[in-house]
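S.K.: Structure of the sequence below:
(2 chains)
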Amino acid sequence: MSATPFRPSAADFAPATNRSARDAQLRPSLSYWQDAWQRLRRNTRAVASLAVVVLFVLFAVAGPWLWRADPAAQDVNQISRGPGPALAARIVEPYAAWAGVTVPALPDGGPTTPVDLRLADAPTTEAVRLQWEPGQGAAGYRVYRNLYDPSPDRALGLPLAEIFDPKRVSFEDRFDLHPERYWYSVVALNAKGDETHDYAGLVVQPELATSAADAASFGWIADATAVRVGDVVALPYHPLGTDYLGRDMLARLMYGARVSLFIGFVAPFLFVLLGIVYGSAAGFTGGRVDQLLMRFADFVLALPFLLFMILFKIAFGIGPGESGIAPMLIALVLLSWPSTARLVRGQVLQIRGEGYVGASRLLGARTGYLVLRHMIPNTFGVILVTLTFEVPRAIFTEAFLSFIGMGVAPPTASWGSMSNEGIKTMLAHPHELLLPALFISVTVLALNLLGDGLRDALDVRMRGRE
Amino acid sequence: MFGYVLKRLAQGLVTIWFIATATFVAMHAVPGDPLSGEKITNAEIRANVAARYGLDRPILEQYGIYMGAMLRGDFGISYTQQNRRVNDIIRENFPVSATLGVLALAFATFGGILFGALTAIYRNRLPDTVIMFLVIVGISVPSFVLAALAQLGLVTLNSAVGRSLLPVAGWGTVWHMLVPALVLGLSTMAYLTRLMRSSMLEITSSDFVRTARAKGLPPTRIFLKHQLRNAILPVVTVLGPQVALITTGGFVVELVFAIPGLGRYYVEAVQQLDYTVIMGTTVFYGAFLVLMVIAVDIVYGFIDPRVAVE
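M.R.: Numbering: from 1, shown residues only, chains lettered A, B, ... in the order given. Alright, predicted model coming up:
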């Protein structure tokens, strides 16, 4: 029996199956970041939040170039003005004294109340001239002005003026008039100077008016001779109104956004960086040094955060002319790094035990290379998520400190300090509180939602956890 | 268990010492000295005042005196209100803050557990969506804004009704406490709701709940005995640190609602740079918070025997 010798042919060396067909990619290859970005993009809430955050950053960065009002300049003619369209003033003749109206004799009979309270002249913010028919037996009159209707419970408040002449039946009001509604009331006084019960009322809305010379002195027009009586000049425009010192709210919100967002973004960036360095140093060194470093981090973490923020702010102090931003930044960094350090240390310890790190070390990789090439890229997702949640926290802290008066020094505006100032005039002018409060809330809301979305997109392990 | 408690207490003592030392260092880093703002022109008077407060001694000796006094529970005398001891200030004002805080925490815990359970039951349905949206809003609105809005709302409500339904500010009766406590507890309530929801969802899909269902237990019994009881555990864990948030958040609420608590006193002391009051209050609050966290951890060991083993 003779075996046929094996004679290989070319066919024996051809691939058994078609590999390229089997390994064909069904879907495009995606890196981790591309994948995360796709997941984030599908999350409408996160995308909308991202848009809002970008909008606020633009508002802070580009806003002051577009809206060039000075955030510290006071417009004394428009104090605590609400948001709304621009005001315009009509030019009138320069103020001339008014002789007033006197009646030759008091009427016999008829009511004791002054009747037919009316305007003697068109009411302007220069002067409101009131006139009435005398009441029988009145020894004088008392004039009241209110911002709200006093009639339901006769809440007249303090009188504007008293007239001790029964024949004098007119009053000229020139006291701090604004283009808003006033309730005027005139009460008759008896011979003893006591008020009789009835009064006459009139609602007046003066028109904003000024003389040409005054308009020029306020800076509304360049030249007093260029306008004539009856012309209308525009006042400086404050789209979102002014605060209790007459400062432009929009400009202050923009500069306040700069402060709030600067602290909100820079402080977390700095302390997360510090935490990365500290945590990876501890995690890499290991042993007693690690124990010692982490024990110190635990102590700092146990400090009552806001109390020590306040303490550090006092310790650093604010010199004259400083804004107080730098001390706040330093205090935030000094107190906030340990949580990131702990997180990074945990990650480093975990990754250090992974096979690919060991392989890399066997191939001669140095520590610095390991950190830069393996550790940081692999912890970056977790760090980014921490960062997004630290930003709203920093904004909150700044707002809280400025609110209790320990934050930025006036006249520097921040959303927190604006809220603090706004709360004092909350009942009469709610916009001074509500606008900065809304800005803080919307920013923090957007950042929180963005953080949620980023966590879901980046970190599969943390998904669904709080 | 006993060893665990002892170890935690020892750690807590070291932490309190750290807080006290950090406070001392921070206060002595202040440029100038605490008397430079006072209207003391005469050098002799100044020296006398400095001697009274022990400011003429070397810094290490001051540290020793300060620590020794603190060990005896003495926080010294107020700088701005001379002859008033910091201990008295804390004793008079802390009960007010504590009452407010306890009430706020009660609101927060009750509401958090209730709403968290509701959202888990109605998962991805309307109540869940609405509550979770409110939760994220509640987390995003700062406490001072909430406090101011609540006060504005109260004023509007009272004037709309024509009489005072609830007091707008001040302290005294239970009615004074309601709105401030609610405002103070709201952010914690939002946080606890989130926590409770995720822990409820985790429990609902666990094996023992499926077993309970399979053996035919009534749903209410499963819910109360198996789900709720286990889901509350993580909520208990965070109560300790949440006490910290509530006490510091109390500053703002006390300020806005004019409540005579320690928080408001602290903010005033900070604005007047009353060093002894600031130091005393910081150490007092710090120690209080550390002890609260330890207390909650120990209580947690009793509730959940699995933890005590560690």
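
S.K.: Can you pull the residues of the stretch 151-300 of chain A lying near chain B?
M.R.: Remark: the part of the stretch 151-300 of chain A in contact with chain B comprises A:Phe299, using C-beta under 8 Å from any C-beta of the partner chain. C-beta coordinates here come from the backbone N, C-alpha and C atoms, glycine included.

S.K.: can you give me the strands in the stretch 151-300 of chain A?
M.R.: Listed from the start of the chain, the stretch 151-300 of chain A has strands (DSSP state E, counting those that start in this stretch) covering A:161-163, A:170-173, A:182-189, A:195-204, A:209-211, A:232-234.

S.K.: could you dump these to CSV with mean pLDDT?
M.R.: What follows is these, written out as CSV (pLDDT from 0 to 100):
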stretch, mean pLDDT
strand A:161-163, 85
strand A:170-173, 86
strand A:182-189, 86
strand A:195-204, 78
strand A:209-211, 79
strand A:232-234, 76
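
S.K.: Of all the ones you listed, which one comes closest to A:Pro150?
M.R.: Using C-beta to C-beta as the measure, strand A:182-189 is the one of these that comes nearest A:Pro150, at 5.8 Å.

S.K.: and that closest one, how far from the chain's centre?
M.R.: Strand A:182-189 has its average C-alpha position 42 Å from the chain's average C-alpha position, going by C-alpha atoms, centre = their mean, to the nearest Å.

S.K.: Other residues contacting it?
M.R.: Residues outside strand A:182-189 that contact it (C-beta atoms under 8 Å, 6 or more residues apart in numbering or on different chains): A:112-114, A:117, A:128, A:130, A:132, A:135, A:138-151, A:156, A:162, A:164, A:171, A:173, A:195-196, A:198-206.

S.K.: How is A:Leu130 assigned, secondary-structure-wise?
M.R.: strand (DSSP: H, G, I helix; E, B strand; the rest coil).

S.K.: quick one on the thing from earlier: pull out the buried residues from the contacts of strand A:182-189.
M.R.: Buried members of these, scored by 16 or more other C-beta atoms under 10 Å in any protein chain shown, are A:113-114, A:117, A:128, A:130, A:132, A:135, A:138-146, A:150, A:156, A:171, A:173, A:196, A:199-202, A:204, A:206.

S.K.: what about residue 215, neighbour count?
M.R.: In the absence of a named chain, this looks at chain A. By other C-beta atoms under 10 Å in any protein chain shown, 21 other residues sit near A:Ala215.

S.K.: That was the other one, I meant chain B.
M.R.: Here the neighbour count serves as a burial measure; for B:Lys215 (other C-beta under 10 Å) it reads 8.

S.K.: before we move on, which element is whichever residue of the stretch 1-150 of chain A sits closest to chain B in?
M.R.: For the stretch 1-150 of chain A, the residue positioned closest to chain B under C-beta to the nearest C-beta is A:Arg45, at a distance of 9.5 Å. Here A:Arg45 is covered by helix A:44-61, with elements defined by DSSP states H and E.

S.K.: Tabulate the CA atom coordinates of the helix or strand that that helix is followed by in PDB.
M.R.: Along the chain past helix A:44-61, the next helix or strand (assigned with DSSP H and E) turns out to be helix A:63-66. Once side chains and other backbone atoms are set aside, the C-alpha atoms of helix A:63-66 remain, and they are given as PDB (Å, rounded to 0.1, in the frame of the first residue of the first chain):
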ATOM      1  CA  GLY A  63     -24.100  91.800  26.500                       C
ATOM      2  CA  PRO A  64     -22.200  94.800  27.800                       C
ATOM      3  CA  TRP A  65     -20.900  95.500  24.300                       C
ATOM      4  CA  LEU A  66     -24.300  95.600  22.900                       C
END
